[in-house]
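S.K.: My questions are about this predicted structure, shown below with the sequence.
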Amino acid sequence: MQTAPWWQTAVLYQVYPRSFQDANGDGVGDLQGILARLDSLVELGVDALWLSPIYPSPMADFGYDVANYCDVDPLFGSLADFDTLLEAAHARGLRLVLDLVPNHTSSQHPWFVASRSSRRDPHRDWYLWHDPAPGGGPPNNWTSHFGGSAWTLDQSTGQYYLHSFLPEQPDLNWRNPEVRAAIYSAMRFWLERGTAAGGRGVDGFRVDVLWLLIKDALFRDNPANPAWDGALLPLYTADRPEVHAIVGEMRSLLEEYGDRVLIGEIYLPLRNLMAYYGFDPASQSLRGAHLPFNFHLIHTPWQAEAIAQLVMTYEALLPPGAWPNWVLGNHDQHRLATRLGPYQIRTAAMLLLTLRGTPTLYYGDELGMPDGHLTPEQQRDPAGLRQPGAGRDAERTPMLWDGSPHAGFSPVEPWLPVHPEYPQTNANAQAMAPRSVLSLYRQLLRLRRAHPALHCGSVTTVSAQSGVLGYQRHQGEDHLQIYLNLTEELQSVTSPRGTILLTTILDGAGGAVEGTLYLEPGEGLLIQLG
Ligand code: NOJ
């Protein structure tokens, strides 16, 4: 029997390096800090880390503005620190995935500095330059994801350049083969295993805004969005058909290195999302991203009917051989505990870790850590500074390790404030509390690893009854039933015969069940059938 690739049975854990662990005492997390916490991730039971960008950067968008694709920002450490971290991770059986930011560079990247220096510079066409509109002003109506026009005029050369995000993040021209070659060579830099000549050996990439890489060649205006007054439909700036050839090239490149993973950040409706698996009917093979991130749980109402529908639709739409995945939080979304409240974070944990497909966990969610509290002066995110209310600082506050000052994250005042709940909500305290959220995550992760039905089995019998989401998982002789009470009231279900493996309230494992079963508000049950 062929064994599944590691990224199918793995649980991914996202580290936002600025906020994970500060080892050098400057208030910002770093690579040595991550190294120091690897054992706690092993204890948690995750299999792979994805690091948000660590490359040299002016930090206009906290690393998503890359000034050099083949180095480490001194704020985070050095390449030598990275090699040490990677080796230590691998020695512990943990994989390490890097964030690749190919849509745009920093405006301080030497490529852009050259590109803006003259219309005749060989790097001019590496970015998206355009003459002003006939009467002057930006070439078209495209808008930045951080508000305002997506175009900025470069006075000295008299043309506008495109930036889908900040003016400090000019978009690369992915129609230019030299751009592709340059990014691909950076990918090789990190994928190549260590040799005398260098090389590192990362286990894959999470590709930033993969669905935005190609823009309309004719620079046509985006049409008005009929559903939302004043907004535009990103018809010409997102999900362009030509993007799939690029995803295919990235996939082929990764395959040269063996079992590495290509993960795509893609915010699209399910039908469009499926195309990023790159199913080729002629060869009946998948040529796209291994895991096009599925963010739909983040935006689906937390109701049994809605989630059952989502699971069934997603499963039904997957192309042949495609492997599902689920995400509940990341550095761009309000934290799970803030979105769902204290009871439902437990059902959320059970849902994420018992659905079919690779789950991605965001650091701190394993503690039920809520959004941080920030005064207006403490806000740092450029998205929030440009568009009030759109800030993402609250979900990026420091990891809560223990009850010591600054929650054990740093010896000094951190770059973002530590959540005031840290004396109670921290990893140390929760590790010792058998009914804590962390204990729940650890048990779920242990069971997920131990049960083939959970890490590689099928999902069947998805149902929603009186606010309780139910489904079964099967693999060989391993048959499991999951029930999640997504309401704030006591509910009952009729269960097949089995034994309780775990309840989210961490009380009552080992009990036999058959027939009517009661679930507390926000309770989840994992039952071994038979
Ligand atoms: C998506 C990233 O997740 C987000 O944090 C960033 O601001 C934008 N891409 C721009 O790179």
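M.R.: Alright, I've got the coordinates. Residues are numbered from 1 along each chain as shown.
S.K.: What does the pLDDT read for I505?
M.R.: pLDDT, I505: 88.
S.K.: State the distance from it to L525.
M.R.: Noted for I505: a distance of 10 Å to L525, by Cβ to Cβ, to the nearest Å. C-beta here means a position set from N, CA and C on the backbone, and glycine is covered the same way.
S.K.: So which residues on this structure come close to the ligand?
M.R.: In this structure, the chain approaches the ligand at residues 61, 64, 101, 165, 208-209, 265, 331-332, judged by Cβ under 6 Å from any ligand atom.
S.K.: Report whether the expected contact of H451 with I482 is present.
M.R.: No - if you go by Cβ atoms under 8 Å, H451 and I482 don't touch, sitting 11.4 Å apart.
S.K.: need the contact list for L416.
M.R.: Neighbour list for L416: 19, 372, 374, 378, 380, 393, 396-398 [criterion: Cβ atoms under 8 Å, 6 or more residues apart in numbering].
S.K.: Kindly reformat the residues you listed as a markdown table containing pLDDT and secondary structure.
M.R.: Formatted as a markdown table, the contacts of L416 follow (pLDDT from 0 to 100; DSSP: H, G, I helix; E, B strand; the rest coil):
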| residue | pLDDT | secondary structure |
| --- | --- | --- |
| S19 | 99 | helix |
| G372 | 97 | coil |
| L374 | 96 | coil |
| Q378 | 97 | helix |
| R380 | 97 | coil |
| D393 | 98 | helix |
| R396 | 98 | helix |
| T397 | 98 | coil |
| P398 | 98 | coil |
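S.K.: F189: which of the residues of the chain next to the ligand is nearest?
M.R.: V101 (14.2 Å; Cβ to Cβ).
S.K.: Distance of the residue lying closest to the closest one once chain neighbours are set aside relative to L172?
M.R.: Leaving aside its sequence neighbours, V101 sits nearest to D208 (Cβ to Cβ, 6 or more residues apart in numbering; 4.4 Å). Here D208 is placed at a distance of 12 Å from L172 (Cβ to Cβ).
S.K.: More neighbours: which of these two?
M.R.: L172 (24 against 20; other Cβ atoms under 10 Å).
S.K.: Okay, and the beta partners of that one?
M.R.: L172 forms beta bridges with Y127, as assigned by DSSP bridges.
S.K.: what packs against the helix of greatest length in the chain?
M.R.: The helix that spans the most residues within the chain, counting by DSSP state H, is helix 336-354. In terms of contacts (3 or more Cβ pairs under 8 Å, 6 or more residues apart in numbering; DSSP states H and E), helix 336-354 is packed against helix 296-299, strand 358-362, helix 437-450, strand 468-475, strand 478-485, strand 524-529.
S.K.: how about CSV for those, with mean pLDDT, distance to G137 and mean neighbour count added?
M.R.: Listed next are those as CSV, based on pLDDT from 0 to 100; distance: least, Cβ to Cβ, whole Å; neighbours: other Cβ atoms under 10 Å:
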stretch, mean pLDDT, distance to G137, mean neighbour count
helix 296-299, 97, 34, 17
strand 358-362, 98, 40, 25
helix 437-450, 98, 52, 20
strand 468-475, 98, 51, 21
strand 478-485, 98, 52, 23
strand 524-529, 98, 55, 24
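S.K.: Would you format these as a markdown table with distance to V202 included?
M.R.: Output for these, formatted as a markdown table (distance: least, Cβ to Cβ, whole Å):
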| stretch | distance to V202 |
| --- | --- |
| helix 296-299 | 26 |
| strand 358-362 | 17 |
| helix 437-450 | 23 |
| strand 468-475 | 30 |
| strand 478-485 | 33 |
| strand 524-529 | 34 |
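S.K.: ok and the residue in the stretch 251-400 of the chain nearest the ligand?
M.R.: D332 (4.8 Å; Cβ to the nearest ligand atom).
S.K.: With the chain instead?
M.R.: Y64 (3.3 Å).
S.K.: didn't that residue look like it was pressed against S164?
M.R.: No - in this structure, Y64 is not within contact of S164 by Cβ under 8 Å, at 11.1 Å.
S.K.: Can you name every helix or strand that the helix or strand encompassing M187 contacts?
M.R.: Using DSSP states H and E, M187 maps to helix 177-191. Where contact means 3+ Cβ pairs under 8 Å, 6+ apart, helix 177-191 is packed against strand 95-100, helix 243-255.
S.K.: Other residues contacting it?
M.R.: Against helix 177-191 from outside (Cβ under 8 Å, 6+ apart): 69-70, 98, 100, 102, 111, 126, 172-174, 198-202, 205, 246, 249-250, 253-254, 257, 260.
S.K.: any weak-confidence spans in this structure?
M.R.: The chain contains residues with pLDDT under 70 at 1-2, 195-199.
S.K.: Quick check: can you list the domain ranges of it?
M.R.: 6-104+176-443, 110-162, 458-529 (automatic domain parsing).
S.K.: returning to that earlier point: hmm, which of the contacts of L416 are the buried ones?
M.R.: Buried by 16 or more other Cβ atoms under 10 Å: 19, 372, 374, 380, 393, 396-398, out of the contacts of L416.
S.K.: any idea which strand is longest in the chain?
M.R.: Longest strand in the chain by number of residues, with DSSP state E as the criterion: strand 491-503.
S.K.: Listing partners with orientation, what would you give for it?
M.R.: strand 512-519 (antiparallel), strand 524-529 (antiparallel).
S.K.: chain center to it, what's the gap?
M.R.: Distance of strand 491-503 from the chain centroid (Cα atoms, centre = their mean, to the nearest Å) equals 32 Å.
S.K.: Check stretch 118-138 too.
M.R.: 33 Å.
S.K.: residues making contact with it?
M.R.: Contact partners of stretch 118-138, identified using Cβ under 8 Å, 6+ apart, comprise 111-112, 114-116, 139-140, 149-151, 153-154, 157-162, 170-173, 176, 178-179, 182, 215, 219.
S.K.: just stretch 222-233 next, same as before
M.R.: 140-143, 234-237.
S.K.: Mind putting these into CSV with secondary structure?
M.R.: CSV is the format used below for the contacts of stretch 222-233 (DSSP: H, G, I helix; E, B strand; the rest coil):
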residue, secondary structure
N140, coil
N141, coil
W142, coil
T143, strand
P234, coil
L235, coil
Y236, coil
T237, coil
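S.K.: Quick one: buried ones out of those?
M.R.: Among these, those buried by neighbour count (16+ other Cβ under 10 Å) are 140-143, 234, 236-237.
S.K.: Could you dump those residues into TSV and include distance to G45?
M.R.: Shown next, in TSV, are the buried ones among the contacts of stretch 222-233 (distance: Cβ to Cβ, whole Å):
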residue	distance to G45
N140	49
N141	48
W142	44
T143	42
P234	39
Y236	44
T237	40
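S.K.: Tell me the spacing between Q443 and A349.
M.R.: From Q443 to A349 the distance is 10 Å (Cβ to Cβ).
S.K.: Spatially nearest residue to the residue minimising distance to the centre of the chain (excluding sequence neighbours)?
M.R.: For the chain, the residue nearest the mean C-alpha position is N330 (5.3 Å; Cα atoms, centre = their mean). Distances taken as Cβ to Cβ, 6+ apart put Y362 closest to N330, at 5.3 Å, once the chain neighbours are dropped.
S.K.: was I right about the one you found contacting D332?
M.R.: No - using Cβ under 8 Å, Y362 makes no contact with D332, being 10.0 Å away.
S.K.: Nearest spatial neighbour of A217, chain-adjacent residues omitted?
M.R.: Spatially, and ignoring its direct neighbours in sequence, A217 is nearest to R175 (6.9 Å; Cβ to Cβ, 6+ apart).
S.K.: rewinding a little: using ChimeraX, define a selection of the buried residues within the residues of the chain next to the ligand.
M.R.: To isolate the buried ones among the residues of the chain next to the ligand in ChimeraX, judged by 16+ other Cβ under 10 Å, type:
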select :61,64,101,165,208,209,265,331,332
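S.K.: Among the residues of the chain next to the ligand, name the ones in helices.
M.R.: Per DSSP H, those never map to helices.
S.K.: Export the residues of the chain next to the ligand to TSV and append columns for distance to L355.
M.R.: Below are the residues of the chain next to the ligand laid out as TSV (distance: Cβ to Cβ, whole Å):
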residue	distance to L355
D61	31
Y64	28
V101	29
F165	31
D208	25
V209	25
E265	20
H331	22
D332	21
